[in-house]
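> Fold the following and give me the result.
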Amino acid sequence: MTASTGSTASPEPSAASSGSPAAATDTLDVLIVGAGISGIGAAYYLGREHPRRSYAILEARGALGGTWDLFRYPGIRSDSDLQTFGYEFKPWRDEDAIAGGAKILAYLRETAAENGIDGHIRFHTKVIAAAWSSVDARWSVEVERTDTGERSTLTCSWLFCAAGYYRYDQGFTPHFEGRERFGGQIVHPQLWPEDLDYAGKRVVVIGSGATAVTLIPALAETAGHVVMLQRTPTYIMPVPAKDKIANALGSVFGAERGYALARRKNIFRQQAVWKLCQRYPNAARKIIRRINARLLPEGYPVDEHFNPPYGPWDQRLCAVPDADLFRAISAGTASVVTDRIETFTETGIRLASGRELEADIIVTATGLNVQAMGGTTLSVDGRVVNLADTVAYKGMMLSGVPNFAYSIGYTNSSWTLKVGLLCEHFCRLLTHMDAHGYQVARPVVADEEMPLRPFLDFGAGYIRRVLDQLPRQGDQAPWLTSMDYAGDVRLLRRLPVEDAQLHLSSADAAVPAKMGS
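Numbers count the residues shown, from 1 in each chain. Down below sits the predicted model:
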């Protein structure tokens with residue numbers, strides 16, 4: 001496999017900016033797609049570093065918050081501590097380090113309101129396609145009102161995709177033989193019914209990832225019994241719901257200073273655990289198994305249900321606050337079954353082993369449908385951009401695609417740590433371009449024979465299913481999608497913005513004749 005520069009592009013005229021709420025104009029400096037944790041963060045940094053630039057946030061749904069407004073299943077919470085999952089610029093003041101969805105949503109709403117970001121959000125506005133014109137040096141963005149179906153076009157100098165990586169309207173559910181025969185209710189966590197009554201019911205949760213291990217202890221509080229049905233075990237580690245050290249630091253040093261110190265502590269801890277798992281997977285496996293065994297009843301078949309066939313952190317390690325999943329298993333209100341599904345029946349599920357699980361409700365916690373760049377069709381001078389032909393530049397731009405940035409967080413640590421660094425670097429790039437009279441930035445791969453590999457070195461099923469639809473990454477900076485926070489601090493925060501493989505130009509450069517260079 002060799003490197004490709006994807007689509008090409010070129011210069012852009014200087015964007016006049018006003019900093020006033022963007023709802024009054026269809027011509028903007030920056031369009032941010034998505035009003036979730038990434039989009040709100042991007043808007044904050046843009047407003048702080050470039051207050052005169054006009055911007056709008058386009059949100060397909062009717063509320064801000066992204067994941068934290070969408071998911072309503074019982075027990076919804078973070079699986080990272082809020083000292084690192086929260087924004088660097090806004091201290092997390094709640095005593096819970098692993099927090100419920102409602103608290104996180106309140107935090108995001110407060111952030112947007114405090115910084116005037118909520119006035120820039122256009123709700124019920126979905127991006128359909130974005131077309132870059134080298135002649136105009138601008139993006140034309142086709143949008144659709146999700147409530148009326150009306151379509152219109154906006155233009156912008158920069159397009160910033162902060163739409164996350166999965167489809168909001170549809171979760172992933174594999175084909176289950178006999179599904180239509182089941183007489184009970186089948187629910188996907190992404191579309192959880194508000195009126196679902198599971199009290200006293202027999203519930204089978206299919207899956208063993210972050211959603212399943214969150215759901216099961218919450219359901220077990222009132223359900224008759226909950227079974228976690230998994231095909232393959234997952235690494236699961238208990239973490240304290242409250243970070244006593246972080247709370248003590250806040251009490252002693254005050255909210256802001258204490259938050260900064262706790263954040264550094266937790267960043268170090270996250271990176272240390274990940275590096276331990278990467279460098280010494282066998283030792284890490286033994287440590288995790290020992291912890292699991294200590295939390296489970298004596299004689300429990302740990303190796304059958306909690307000993308994955310892959311190494312720690314080849315997929316995301318699931319965290320359970322205060323060992324709540326293990327406590328539910330020990331109490332007998334939840335259990336784990338490791339087997340394959342043969343078919344759904346009228347009353348439950350028959351497994352490959354011949355065992356039958358009776359159920360009133362089946363929850364398919366079977367993952368996400370990945371949707372790159374919010375599902376937007378990108379084109380450059382009339383040529384559609386095939387994402388698989390592009391290479392990720394610094395984990396935030398695409399080769400050959402001008403004035404387009406995106407934010408994808410860490411898979412091995414708190415998502416927002418990476419997003420904050422990317423947003424900072426984006427603003428630094430704008431400042432550099434302003435200072436030198438540039439209006440267009442286009443990454444170009446210098447070595448077209450550079451070996452390429454998948455966009456994310458991550459074994460999760462939802463990523464593997466779409467690898468052929470995602471951009472690639474190279475084998476060296478700046479073409480790496482880094483998962484190393486310390487390295488990213490150096491690259492994105494400290495090193496100069498200038499790079500030989502980032503072509504900067506002014507708007508009056510004659511570009512169409514140079515396409516393909």
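> Please report how far the residue most central in space within the chain lies from Phe253.
Note on the chain: the residue nearest the mean C-alpha position is Gly164, at 4.8 Å, using C-alpha atoms, centre = their mean. Per C-beta to C-beta, to the nearest Å, Gly164 is found 34 Å from Phe253. All C-beta atoms are positioned from the backbone trio N, CA, C, and that covers glycine.
> Please enumerate the strands of the stretch 351-500 of the chain.
Counting by DSSP state E, counting those that start in this stretch, the stretch 351-500 of the chain has strands at residues 356-358, 361-364, 377-380, 383-384, 392-393, 397-398, 404-406, 440-443, 453-454, 472-473.
> hey, least reliable of these by pLDDT?
Comparing mean pLDDT across these, the lowest value falls on strand 453-454: a mean of 86.
> Which other helices and strands does it contact?
When contacts are defined as 3 or more C-beta pairs under 8 Å, 6 or more residues apart in numbering; DSSP states H and E, strand 453-454 sits against strand 472-473.
> Which helix runs longest in this protein?
Longest helix in the chain by number of residues, with DSSP state H as the criterion: helix 255-279.
> Relative to the whole chain's centre, how far out is that one?
Put simply, helix 255-279 sits 19 Å off its chain's centre (C-alpha atoms, centre = their mean, to the nearest Å).
> Just the buried residues of it, please?
Neighbour counts over helix 255-279 (16 or more other C-beta atoms under 10 Å) mark 258-263, 265-267, 270-271, 273-274, 277 as buried.
> cool, and stretch 239-246?
Across stretch 239-246, burial judged by 16+ other C-beta under 10 Å covers 241, 243, 246.
> Closest one of these to Gln469?
The closest of the buried residues of stretch 239-246 to Gln469 turns out to be Ala241 (C-beta to C-beta; 37.1 Å).
> Now the closest one: closest residue in space that isn't a chain neighbour?
Pro321 (3.8 Å; C-beta to C-beta, 6 or more residues apart in numbering).
> pretty sure the one you found is in contact with Arg77, am I right?
Yes: with contact defined as C-beta atoms under 8 Å, Pro321 and Arg77 form a contacting pair (7.2 Å).
> If you count surrounding residues, which of the two has more?
More crowded of Pro321 and Arg77, by other C-beta atoms under 10 Å: Pro321, with 23 against 20.
> OK, contacts around the more buried one?
77, 98, 238-241 (C-beta atoms under 8 Å, 6 or more residues apart in numbering).
> Could you do Arg263 as well?
Arg263 is in contact with 83-84, 88, counting by C-beta under 8 Å, 6+ apart.
> What are the boundaries of the helices in this protein?
Using DSSP H, helices in the chain cover 37-49, 67-70, 82-85, 101-114, 210-220, 244-253, 255-279, 281-295, 302-305, 324-331, 415-436, 461-464, 485-488.
> closest to Ser353 out of the ones you listed?
Proximity to Ser353 (C-beta to C-beta) singles out helix 302-305 among these, at 11.9 Å.
> hmm, who's touching the longest strand anywhere in the chain?
Selection of the longest strand in the chain by residue count, based on DSSP state E, yields strand 151-161. By C-beta under 8 Å, 6+ apart, the residues outside strand 151-161 that reach it are 12-13, 15, 26-34, 42, 56, 128, 130, 136-145, 373-374, 376, 403-407, 426, 430, 439.
> give me the number of residues near Thr338?
The local packing of Thr338 (other C-beta under 10 Å) involves 18 other residues.
> Could you check how far it is from Asp303?
Distance of Thr338 to Asp303, computed by C-beta to C-beta: 10 Å.
> any low-confidence regions in the stretch 351-500 of the chain?
Within the stretch 351-500 of the chain, the stretches with pLDDT under 70 are 458-463.
> sorry, back to before: I'd like the buried residues of helix 255-279 as CSV, with distance to Leu317 and pLDDT appended.
Listed next are the buried residues of helix 255-279 as CSV, based on distance: C-beta to C-beta, whole Å; pLDDT from 0 to 100:
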residue, distance to Leu317, pLDDT
Gly258, 27, 97
Tyr259, 25, 97
Ala260, 26, 97
Leu261, 25, 97
Ala262, 21, 97
Arg263, 20, 96
Lys265, 19, 97
Asn266, 15, 96
Ile267, 16, 95
Gln270, 10, 91
Gln271, 13, 90
Val273, 8, 91
Trp274, 9, 89
Cys277, 7, 91
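> Okay, angle between the longest helix of the chain and helix 244-253 too, please.
Put simply, helix 255-279 runs at 150 degrees to helix 244-253, going by axes from the mean of the first three to the mean of the last three C-alpha atoms, to 10 degrees.
> Next, the distance between the ends of stretch 113-124.
One end of stretch 113-124 sits 19 Å from the other (C-alpha to C-alpha, to the nearest Å).
> Check stretch 405-413 too.
For stretch 405-413, the separation between the terminal residues is 21 Å (C-alpha to C-alpha).
> ok, now stretch 484-493?
13 Å.
> Just the pLDDT for the nearest residue to Thr67 once chain neighbours are set aside.
Of all residues not flanking Thr67 in the chain, Gly36 sits nearest, at 6.1 Å (C-beta to C-beta, 6+ apart). pLDDT for Gly36: 96.
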